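Enquirer: Need a 3D model of the following:
(chains A and B)
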Amino acid sequence: MKYSRLFPKTLKQVPSGAESLNHQLLVRAGFIHQEMAGVYTYLPLGWKVLDKISDIVREEMNAIGGQEIFMPVLHPGENWKKTGRFKSFDVLYKLKGAGDKDLVLGPTHEEIIYPLLAEYINSYKDLPLYLYQIQTKFRDEPRAKAGLLRGREFLMKDLYSFHTDDDDRDEYYKKVREAYFKIFKRIGIPVVKTKASGGTFSDLSEEFQTLTPSGEDTVFVCSKCGAAFNEEIIKGKNCLDCGGDLKKEKAIEVGNIFPLKRAYAEVFNLYFTDKAGEKRIVSAGCFGLGISRTMGAIVEVSHDEKGIIWPESVAPFKVHIVGLDLEDKTVMGEAEKIYKLLQVADPERSRRTEGVEVLFDDRVNVSAGVKFADADLIGIPYRVVVSKKTGDKLEVKKRSGKETMFKTLEQLVDIVCS
RNA sequence: CGGGGAUUGGCGCAGUGGUAGCGCGCACGGUUCGGGACCGUGAGGCCGGCAGUUCAAAUCUGCCAUCCCCGACCA
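Expert: Presented below is the predicted three-dimensional model:
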């Protein structure tokens, strides 16, 4: 992608109203645009990041047998009345459809997937089954805040698992837990797993929390055994596992996993026939992961005073070519050549590319300082400077590091493709 | 939902009663050219909305809306 064509350009100043760090940096760098409190447009750079996070999540969900589906945003109010959540789910967006019909904008999808499964699950042979989706959720939060960390409309992955019994469900629960650790490791942000109350939804649950002072959750981490707990289940000053001292930390909840109670299966008649021919209730688990919130969390934990530092796995581009002296036709030609050669495949035409994704700052008559500042702000992992000074070796700098390396084009390709 | 702050060109801001100004950005011309360069010229705003006070309102009063922060809430 040529920067001269990229929409939109960076902003020098922080728009008023953007107080949280992720909001400020993402808006200034041109990744998102706020439409109203808690609602954002994802601009080209932001959408690419969201897409990369989604793909990592997808791969790990598929690896544990998940099958991707896509459920509706618009739900029949009827289903929510059946579970009682039409009244009790207090951040529910309700609207009226044709014929004065009650409708709901989905904040979660039990009310869709249970009736769906009830129609198809008959035998123990149909189980277990793992279905997930990556979908926009709507929650009418009394106070949306902190940029992408707490929106009213946000992107979330939700996985629902269905089993013949609780033991099988608990086995799968452990697999999902491991998959979550892999996901956050690949994405490049540290997480701790905390024990949490399950609310009315579940007897217990576990959350994946990114520790950072800007988080809105409070968690307690044991200094002895490393176990972590959410505030609501902590009774005293000591670890529930080993009795060690607890340290209070702020954190962002990026994932949440639950073994579900039977209530929904009962309401929607989700039963199966076992080997003995007996009718039995289905056991289920529910596993959420906030995709857009994770994007905000990455920025909160990975930045410096100049801008964002994207982990390689989710960066919108891998290489940022900063072209200087581009008024000189020779230099421009050289920069173009490097730009094309880096792209083994053509990432501008294919969404899933095998080539190196490159952003080329091809602006003419823009000062070096402006280009460097923009590169710092946008936060792409590798910066390659092409200028009159460029000889056989390219000037390469990692966004996350300080020292400048000098590499041939082949060496650079090796580095960024590894 | 309680408390506080804010709302003025695209963005950031100043403007305490006499029908709007600065910086950035933008356009054009010129000089610059490795860390957000400079000079000149120019375009761009019925000051969040409604109602009121006044000869006169961005400015005073009332109501409303929106955004941000603190808290409550967060299946």
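
Enquirer: Around RNA strand B, which positions in the stretch 151-300 of chain A sit nearby?
Expert: The interface of the stretch 151-300 of chain A toward RNA strand B, taken as C-beta under 7 Å from any atom of the strand, is made up of A:G199, A:T200, A:F201, A:S202, A:E216, A:D217, A:N256, A:F258, A:C286, A:G288. In short, each C-beta sits where N, CA and C put it, glycine included.

Enquirer: actually the stretch 301-418 of chain A, not the one I typed
Expert: Contact residues of the stretch 301-418 of chain A with respect to RNA strand B, defined by C-beta under 7 Å from any atom of the strand, are listed as A:306, A:324-325, A:327, A:365, A:367-370, A:372-374, A:376-377, A:385, A:387-390, A:395, A:397.

Enquirer: And the buried ones among those, selectable in PyMOL?
Expert: Of these, the buried ones go into a single PyMOL selection, burial set by 16 or more other C-beta atoms under 10 Å:
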select buried, chain A and resi 324+325+372+374+376+377+385+387+390+395+397
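
Enquirer: So which of the residues of the stretch 301-418 of chain A next to RNA strand B are in strands?
Expert: Using DSSP state E, the members of those that fall within strands are A:V385, A:E395, A:K397.

Enquirer: Enumerate every residue touching the last one.
Expert: This points to A:K397. Contacts for A:K397 were tallied using C-beta atoms under 8 Å, 6 or more residues apart in numbering; they are A:Y382, A:R383, A:V385, A:E403, A:T404, A:M405.

Enquirer: 7 Å instead?
Expert: Taking C-beta atoms under 7 Å, 6 or more residues apart in numbering as the criterion, A:K397 is in contact with A:R383, A:T404.

Enquirer: That one and A:E357: what is the separation?
Expert: Distance check for A:K397 against A:E357: by C-beta to C-beta, to the nearest Å, it reads 18 Å.

Enquirer: Go ahead and confirm A:V27 touches A:G17.
Expert: No: the criterion here is C-beta atoms under 7 Å, and A:V27 misses it with A:G17 at 9.5 Å.

Enquirer: Settle it for me: which of the two has more neighbours?
Expert: Regarding A:V27 and A:G17, a neighbour count based on other C-beta atoms under 10 Å identifies A:V27 as having more, with 22 against 10.

Enquirer: Just the element for the nearest residue to that one once chain neighbours are set aside, please.
Expert: Of all residues not flanking A:V27 in the chain, A:A18 sits nearest, at 5.3 Å (C-beta to C-beta, 6 or more residues apart in numbering). Of the helices and strands defined by DSSP states H and E, none includes A:A18.

Enquirer: and A:A18, how many neighbours does it have?
Expert: 18.

Enquirer: how close does the nearest residue to A:V331 once chain neighbours are set aside get to A:N365?
Expert: Distances taken as C-beta to C-beta, 6+ apart place A:D325 nearest to A:V331, at 4.7 Å, with adjacent residues excluded. Noted for A:D325: a distance of 10 Å to A:N365, by C-beta to C-beta.

Enquirer: partners of the lengthiest strand in chain A in the sheet?
Expert: Determined from DSSP E, the single longest strand within chain A is strand A:246-259. Sheet neighbours of strand A:246-259, with direction, are listed as strand A:204-211 (antiparallel), strand A:217-222 (antiparallel), strand A:283-290 (antiparallel) (DSSP bridges).

Enquirer: chain center to the second one: distance?
Expert: So that's strand A:217-222. For strand A:217-222, the gap between its own C-alpha mean and the chain's C-alpha mean amounts to 22 Å (C-alpha atoms, centre = their mean, to the nearest Å).

Enquirer: Run through who's touching it.
Expert: Taking C-beta under 7 Å, 6+ apart as the criterion, the residues outside strand A:217-222 that touch it are A:192, A:194, A:209, A:228-231, A:234, A:239, A:241-242, A:244, A:246-253.

Enquirer: Return the members of these classed as buried.
Expert: Of the contacts of strand A:217-222, these count as buried by 16+ other C-beta under 10 Å: A:192, A:194, A:209, A:228-230, A:234, A:239, A:246, A:249, A:251-253.

Enquirer: Chain A: helices as residue ranges?
Expert: A:21-28, A:44-63, A:77-83, A:85-88, A:110-120, A:166-187, A:263-267, A:291-301, A:329-342, A:368-378, A:409-417 (DSSP state H).

Enquirer: just for chain A, where's the confidence low?
Expert: Within chain A, the stretches with pLDDT under 70 are A:200, A:345-354.
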